[in-house]
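1. Sequence first, predicted coordinates after that:
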Amino acid sequence: MAEQAALQVKSVRLVNQVRGFGNVAGFDTNVFRPGQWVIVYCEVDNFVSRPQDDGQFKTQLSQRVEVLSSEGQSRLQQDDPKIEDVSMNYRRDFFLARRLQLPATLGPASTC
């Protein structure tokens, strides 16, 4: 059934620490400074882990993170076109974590 369902983004958050799936430390505010380092944490559902010849399971995803100005202009775009995970067990949960520096071109403190 999972192979027939569409990939689903369950949660996206800006955090300052990722300890594991669903175990993150967030910020006390949703106001960020230009140039500040953050981690984009994203949980996904309905992904596929395909069995490999060696008995392991491979999950392949891609990710694009884009920061927009309040006017909708792209200020930063980072692509991870080939994310691969190999596990001895079939994956039932998956998260992506991308560290990035907010662009200086955002202007004064921005709300996310």
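-> Received, thanks. Source: prediction; values computed, not measured.

2. number of nearby residues for residue 18?
-> Other residues within reach of residue 18 by the criterion other C-beta atoms under 10 Å amount to 19. The C-beta positions use only the backbone N, C-alpha and C, and glycine is treated the same way.

3. quick one: secondary structure of residue 59?
-> The assignment at residue 59 comes out as strand when based on DSSP: H, G, I helix; E, B strand; the rest coil.

4. how near is it to residue 80?
-> 14 Å (C-beta to C-beta, to the nearest Å).

5. give the contact list for residue 81.
-> residue 62 (C-beta atoms under 8 Å, 6 or more residues apart in numbering).

6. tell me which residues of the host helix or strand of it are tucked away?
-> Residue 81 is located in strand 74-87, with elements delineated by DSSP states H and E. Counting neighbours by 16 or more other C-beta atoms under 10 Å, one finds that the buried residues in strand 74-87 are residue 75.

7. Following element in sequence after it, please.
-> The helix or strand immediately downstream of strand 74-87 is strand 94-101, counting by DSSP H and E.

8. Give the pairing partners of that next one; include direction for each.
-> strand 37-45 (antiparallel) (DSSP bridges).

9. Which residues does whichever helix or strand comes after the strand it pairs with contact?
-> Proceeding C-terminally, strand 37-45 gives way to strand 49-51 as the next helix or strand, assigned by DSSP H and E. Counting by C-beta under 8 Å, 6+ apart, strand 49-51 makes contact with 57, 58, 59, 60, 87, 90, 91, all of which sit outside it.

10. strands paired with strand 49-51, and their directions?
-> On the basis of DSSP bridges, the sheet neighbours of strand 49-51 come out as strand 57-68 (antiparallel).

11. Just the residues contacting the strand it pairs with, thanks.
-> Outside of strand 57-68, the residues within contact range by C-beta under 8 Å, 6+ apart are 7, 40, 42, 44, 47-52, 74-91, 94, 96, 98, 100, 102-103, 106.

12. Perfect, that will be all.
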